[in-house]
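Colleague: the following block contains a protein sequence and its predicted model.
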Amino acid sequence: MNHKAIYNTHANVTSIDDAEGATDANGNTVTLDEALITAEVTRLQGIYDSQEYARNRKAKYDLLNQDELRFDDLENNTTTWVDSINAIKAEYPKPV
């Protein structure tokens with residue numbers, strides 16, 4: 001996440017080497033503003049954290065055979081697919 005924060009806060013950085021530092025398109029060393037980077041890392045982490053519910057939901061959705069559930073529901077006049085989706089959403093609610 002640090003590299004992304006550096007690229008986001010220092011438009012002239014074109015390359016980052018953890019041992020050598022950040023450079024511009026001409027290979028010149030770019031002086032980095034650590035306060036800006038720290039603030040950007042915090043912002044990016046907040047975005048990542050706020051999407052945890054979505055990552056958890058997707059992992060559960062991927063375990064379902066949704067096409068088969070929908071087909072079976074149509075054939076059997078059941079609501080298994082909707083019930084499964086609602087259960088996942090209840091388990092991992094969207095933050096308000």
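Modeller: Sure thing, it's come through. Everything numeric here is computed off the predicted structure, so don't read it as measured data.

Colleague: now do the buried residues in the helix or strand containing Thr38.
Modeller: For Thr38, the host element (DSSP states H and E) is helix 34-50. Buried residues in helix 34-50, counted by 16 or more other CB atoms under 10 Å: 37, 40-41. Every C-beta, even on glycine, is put in place using the N, C-alpha and C of the backbone.

Colleague: so which residue of this structure lies furthest out from the middle?
Modeller: Asn76 (37.3 Å; CA atoms, centre = their mean).

Colleague: so who does that one touch?
Modeller: Going by CB atoms under 8 Å, 6 or more residues apart in numbering, Asn76 touches no other residue.

Colleague: so how far is Leu63 from it?
Modeller: 21 Å (CB to CB, to the nearest Å).

Colleague: just the pLDDT at the nearest residue to Lys4 once chain neighbours are set aside, thanks.
Modeller: Excluding the flanking residues, the one nearest Lys4 by CB to CB, 6 or more residues apart in numbering is Leu44, at 6.3 Å. Looking at Leu44, its pLDDT stands at 97.

Colleague: what's the answer for Met1, then?
Modeller: Value for Met1, per-residue pLDDT: 74.

Colleague: re earlier: with distance to Thr9 and pLDDT added, can I get the buried residues of helix 34-50 in a markdown table?
Modeller: Formatted as a markdown table, the buried residues of helix 34-50 follow (distance: CB to CB, whole Å; pLDDT from 0 to 100):
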| residue | distance to Thr9 | pLDDT |
| --- | --- | --- |
| Ile37 | 6 | 97 |
| Glu40 | 5 | 98 |
| Val41 | 10 | 97 |
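
Colleague: Met1: which of these is nearest?
Modeller: Proximity of the buried residues of helix 34-50 to Met1 (CB to CB) peaks at Val41, which lies at 5.6 Å.

Colleague: surely that closest one is in contact with Tyr7?
Modeller: No: in this structure Val41 lies outside contact range of Tyr7 using CB atoms under 8 Å: 12.0 Å.
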